[in-house]
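Asker: model this:
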Amino acid sequence: MFRKIGIRLKPRTLVFTKGMATQTQGVVKEFDWRKHQKPLQHVPLPALADTLQRYLVCVKALATPAEFERTSHFVHTFQETSGKLLQNILTNRNELIQERRDLGDATSYVRPFWDFMYLGGRYPVPINSNPVFIVNDLPDKATHGQAGAASALSFAMIQWFLGMKQNKIEPDYVDAKKTTASCMEEYSFLFGETRVPRYRGDEITVDNSSKHIAVLKGSSVYSVTVTDGLNSCIAKEELRKVLEEISSCSDAGNSSEFVGILGSQERNWWAAERAELEAHHENRALLDTIDNALFLVVLDDVDPQDISQQMAWGLHGSGTSRWWDKNFSVIASKSGKIALNFEHAPYDGSTVARLLEDCWHEASGLPLPAGRPSLQELGLDIGSIKPDTTKHQFYISPRTKSAVEHANKKYSSFTDVTKVHVLEFNHFGKNTLKSWKMSPDGVIQAAFQLAYARLHGQDAVSVYESCSTKRYLRGRTEAIRPVSLESRQFVTMADSCPKDKSRSLLEASAARHRVLASEASQGLGVDRHLFALLSIATDLGITDKIELFQDPIWTRFNTSILSTSNVNGGSIHAFGFGAVCPQGYGLGYCVKDDALRITVSNFVGEPDTGGSGFGGVSVDNSQGSTQPTNCHQMATMIEQTLLDIQKIAKSSVQSSL
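Answerer: Below you'll find the model as predicted:
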């Protein structure tokens, strides 16, 4: 009853063999991830009436009175007719899912559809799907430079991998007091994983026994053995020497000839071109080497200077010396700047951010966040693995050569219309926002909406904000829909009413946002439930007969003019991704104690997005402003709007004294 064409999910066992440590440096506690997972509840399946009522509340802020009346009729009809059928099917599926938990086949009611959304999507994954973290520089000068920075971070990641296999990595918690467990299932895909293109639906493969990393330089691939997969690993200095040697290779080839550019294209096309590569036995072996590597290290020949250039480089670059399907890539510029680009299908940003946070702090010689034990306490046998480095190059057939040339040209056209700008807002951050006694995220989201209205003249467009649901078993995300009647009232009146009135409107908007965020984190949003029902209707071939899913308001709701996401951490300088519709913006932001980092992305022409919205939901390209988007202007407007909001907050505080 659900699409699983060409999809193979093979998660690694979450608990590994115990008692591997042989060189203990202090007491190392073991963590039983299975026990940690046991109390997790399944993602709740809301009652149909509840979700539909929430949907009406969401779209009321986006619709005219006449449009809302029509949509209300469609919702009522859906609830009494086809919605009942779809909800019954989904309920039966959910009951079977819960019955199979004891068999180790745990999932959630939305997860199969969500997996297919990623793996069945035929759009190119760079920009459209893969996010990027621009990593803060390591403080130790010994880790500076391309090989120094890449080896220090990679060495910590290798240690983290072995610690996970030994049950010595502390699991995640929802709360700072570590009382509410967070699902760890995504970590089973974190190492040795690759997305493999297949016609109509990709596969995810995981190699449990991987012992090497793959290093990309020019048109060459270097496999480097770094661990025995048990308790031993390469020394950091040895890894640095290997990367220095690879970096200085004069015969690595021209990166513009590297076949990795093929993975930047539409998925069915890439599947066919990969099959052409696989037809040659040496290429099959090399593809296995890449697919099975713990992760990738990319030694780039470019050196982006400012943060916006670094964001563009990490998000898309020129597309050469990349393997977009790999779990994650540690990309090092010539001077040692690090970007971490990751493939989104198996996990969300919080999982990669946890790995990065631990490893960056370890490589920096700083205590790990949240009181987690140092990787030095794992008791690993460091230095017993000597690097075994092998250089590989693909056999290029005439067809593949032509395909590489075609992909380079098409990818260049895609990146030409993709623009990014990073706003480094140093006026205030979380501490000041919290002093206003309002939700910091609620204030930031209101600022985004007001900035868009000021720049583009529209006071209500669809806004999407991702929210973690990992408090549940195999939970991933739910959507917060920040546009509300309260936020719309603030946006329409903020520039024309007294500051004390603006403050009260902002408080109401932020308070409403807090409620919406709380509901979403508990699995009580709108998007995932309706998405699951839409997916079942699609499988049954009845979507075009359901008025709710043909309603222009449904399309408007799913055309996220502002696609937003928030990831934080001391290791992350900036976080970014592409806009999800041609006339929209992508807004990736980090909330620091005393600063904000906001990456604004947009398209200045027709992007290569596969022709549909996120999750395969149709988008309306007529939505949004007729004025062209501009990431620089939007960033400037966000900055000014945040400063204006600060004045509103300060004046209200002063007037109360």
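Asker: in the stretch 51-200 of the chain, which spans are strands?
Answerer: 132-135, 193-196 (DSSP state E, counting those that start in this stretch).
Asker: show me what the last one is packed up against.
Answerer: Which is strand 193-196. When contacts are defined as 3 or more Cβ pairs under 8 Å, 6 or more residues apart in numbering; DSSP states H and E, strand 193-196 sits against strand 203-206, helix 281-292. All C-beta spots, glycine's among them, are computed from the backbone N, C-alpha and C.
Asker: paired strands for the shortest one, with orientation please.
Answerer: Strands adjacent to strand 203-206 in the sheet, as given by DSSP bridges, are strand 193-196 (antiparallel).
Asker: what's the mean pLDDT across the partner strand?
Answerer: Averaged across strand 193-196, the pLDDT comes to 98.
Asker: and if you look at stretch 553-566?
Answerer: 97.
Asker: now swap in stretch 264-278 and tell me
Answerer: In the prediction, stretch 264-278 has an average pLDDT of 97.
Asker: tell me the gap between it and the middle of its chain.
Answerer: Its chain's average C-alpha position is 23 Å from that of stretch 264-278, according to Cα atoms, centre = their mean, to the nearest Å.
Asker: quick one: buried residues of that stretch?
Answerer: 264-265, 267, 269-271, 273-274, 277 (16 or more other Cβ atoms under 10 Å).
Asker: ok, and what's touching that stretch?
Answerer: For stretch 264-278, the surrounding residues in contact (Cβ atoms under 8 Å, 6 or more residues apart in numbering) are 121-126, 196-200, 202, 259, 262-263, 283-284, 287, 319, 322, 324, 394, 397, 399-400, 403, 407, 410-411, 414, 608, 610.
Asker: mind checking which of the residues you listed are buried?
Answerer: Applying 16+ other Cβ under 10 Å to the contacts of stretch 264-278 flags 121-126, 196-198, 202, 259, 262-263, 283, 287, 319, 322, 324, 394, 400, 403, 407, 410-411, 414, 608 as buried.
Asker: that older thread, quick one: which of the helices and strands packed on strand 193-196 is nearest residue 359?
Answerer: strand 203-206 (19.9 Å; Cβ to Cβ).
Asker: toward the C-terminus, what is the element adjacent to that closest one?
Answerer: strand 212-217 (DSSP states H and E).
Asker: same for that following strand, what does it pack against?
Answerer: Secondary-structure packing of strand 212-217 (3+ Cβ pairs under 8 Å, 6+ apart): strand 220-225, helix 236-247, helix 281-292, strand 296-299.
Asker: tell me which of these sits most buried.
Answerer: Greatest average neighbour count among these goes to strand 296-299 (a mean of 25), per mean count of other Cβ atoms under 10 Å.
Asker: re the thing from before, just send the buried residues of stretch 264-278 back as CSV, with secondary structure and distance to residue 469 too.
Answerer: Output for the buried residues of stretch 264-278, formatted as CSV (DSSP: H, G, I helix; E, B strand; the rest coil; distance: Cβ to Cβ, whole Å):
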residue, secondary structure, distance to residue 469
264, helix, 31
265, coil, 32
267, helix, 27
269, helix, 34
270, helix, 31
271, helix, 31
273, helix, 36
274, helix, 33
277, helix, 38
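Asker: out of the residues you listed, which one sits closest to residue 483?
Answerer: Set against residue 483, the nearest of the buried residues of stretch 264-278 by Cβ to Cβ is residue 267 (31.8 Å).
Asker: can I get the strands of the stretch 51-200 of the chain in TSV including distance to residue 112?
Answerer: Output for the strands of the stretch 51-200 of the chain, formatted as TSV (distance: least, Cβ to Cβ, whole Å):
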stretch	distance to residue 112
strand 132-135	28
strand 193-196	17
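Asker: wait, which of those strands is closest to residue 111?
Answerer: Nearest of the strands of the stretch 51-200 of the chain (Cβ to Cβ): strand 193-196, 16.6 Å.
Asker: residues contacting that closest one, please?
Answerer: Against strand 193-196 from outside (Cβ under 8 Å, 6+ apart): 119, 125, 202-207, 274, 290-292, 325-327, 343, 345-346.
Asker: need the CA coordinates for that strand. PDB is fine.
Answerer: This file holds the C-alpha atoms of strand 193-196, laid out as PDB (Å, rounded to 0.1, in the frame of the first residue of the first chain):
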ATOM      1  CA  GLU A 193      26.600   4.800   3.900                       C
ATOM      2  CA  THR A 194      25.900   5.900   0.300                       C
ATOM      3  CA  ARG A 195      22.800   6.700  -1.700                       C
ATOM      4  CA  VAL A 196      22.800   4.700  -4.900                       C
END
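Asker: next one: that strand to chain centre, how far?
Answerer: Distance, centroid of strand 193-196 to centroid of chain: 16 Å (Cα atoms, centre = their mean).
Asker: again with stretch 485-500
Answerer: On Cα atoms, centre = their mean, the centre of stretch 485-500 falls 32 Å from the chain's centre.
Asker: can you show me the CA trace of that stretch as CSV?
Answerer: Taking C-alpha atoms only, stretch 485-500 is exported to CSV below (Å, rounded to 0.1, in the frame of the first residue of the first chain):
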residue,chain,number,x,y,z
LEU,A,485,-3.3,35.3,12.3
GLU,A,486,-1.1,36.7,15.1
SER,A,487,2.0,36.9,13.0
ARG,A,488,0.1,38.4,10.1
GLN,A,489,-1.4,41.1,12.3
PHE,A,490,2.1,42.0,13.5
VAL,A,491,3.5,42.1,10.0
THR,A,492,0.7,44.3,8.7
MET,A,493,0.7,46.8,11.6
ALA,A,494,4.3,46.9,12.8
ASP,A,495,5.3,49.8,10.7
SER,A,496,2.2,51.9,11.3
CYS,A,497,1.3,51.7,15.0
PRO,A,498,2.9,52.9,18.2
LYS,A,499,5.8,50.8,19.5
ASP,A,500,4.0,49.6,22.6
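Asker: just the buried residues of it, please?
Answerer: Buried-residue list, stretch 485-500, by 16+ other Cβ under 10 Å: 486-488, 490-491, 494, 499.
Asker: just checking, which of the residues you listed belong to helices?
Answerer: 486-488, 490-491, 499 (DSSP state H).
Asker: between these, which sits nearest residue 478?
Answerer: residue 487 (18.5 Å).
Asker: so how far is residue 490 from the residue lying closest to the closest one once chain neighbours are set aside?
Answerer: Once flanking residues are discounted, residue 487 sits nearest to residue 509: 4.3 Å by Cβ to Cβ, 6 or more residues apart in numbering. As defined by Cβ to Cβ, to the nearest Å, residue 509 lies at a distance of 4 Å from residue 490.
Asker: just residue 593 next, same as before
Answerer: Counting by Cβ to Cβ - residue 593 and residue 490 are separated by 25 Å.
Asker: now swap in residue 41 and tell me
Answerer: The value you get for residue 41 to residue 490, if Cβ to Cβ is used, is 35 Å.
Asker: kindly report the same for residue 372.
Answerer: Taken as Cβ to Cβ, the span from residue 372 to residue 490 is 40 Å.
Asker: residue 549 too?
Answerer: Distance, residue 549 to residue 490, using Cβ to Cβ: 31 Å.
Asker: about what we covered before: what's the overlap in contacts for residue 509 and residue 490?
Answerer: residue 446.
Asker: give me phi/psi at residue 598?
Answerer: Dihedral pair for residue 598: phi -130, psi 120, per degrees, to the nearest 10.
Asker: bridging residues for it?
Answerer: Here residue 598 sits in beta bridges with residue 423, residue 589, as judged by DSSP bridges.
Asker: count the neighbours of it for me.
Answerer: The tally of other residues near residue 598 (other Cβ atoms under 10 Å) stands at 27.
Asker: of the strands of the stretch 51-200 of the chain, give the one that comes closest to residue 462.
Answerer: strand 132-135 (24.2 Å).
Asker: by contact count, what packs against the closest one?
Answerer: helix 307-315, strand 338-342, helix 349-363, strand 572-576.
Asker: next, the angle helix 349-363 makes with the helix or strand following the first one.
Answerer: On the C-terminal side of helix 307-315, the nearest following helix or strand under DSSP H and E is strand 328-332. Regarding strand 328-332 and helix 349-363, their directions subtend 50 degrees when assessed with axes from the mean of the first three to the mean of the last three Cα atoms, to 10 degrees.
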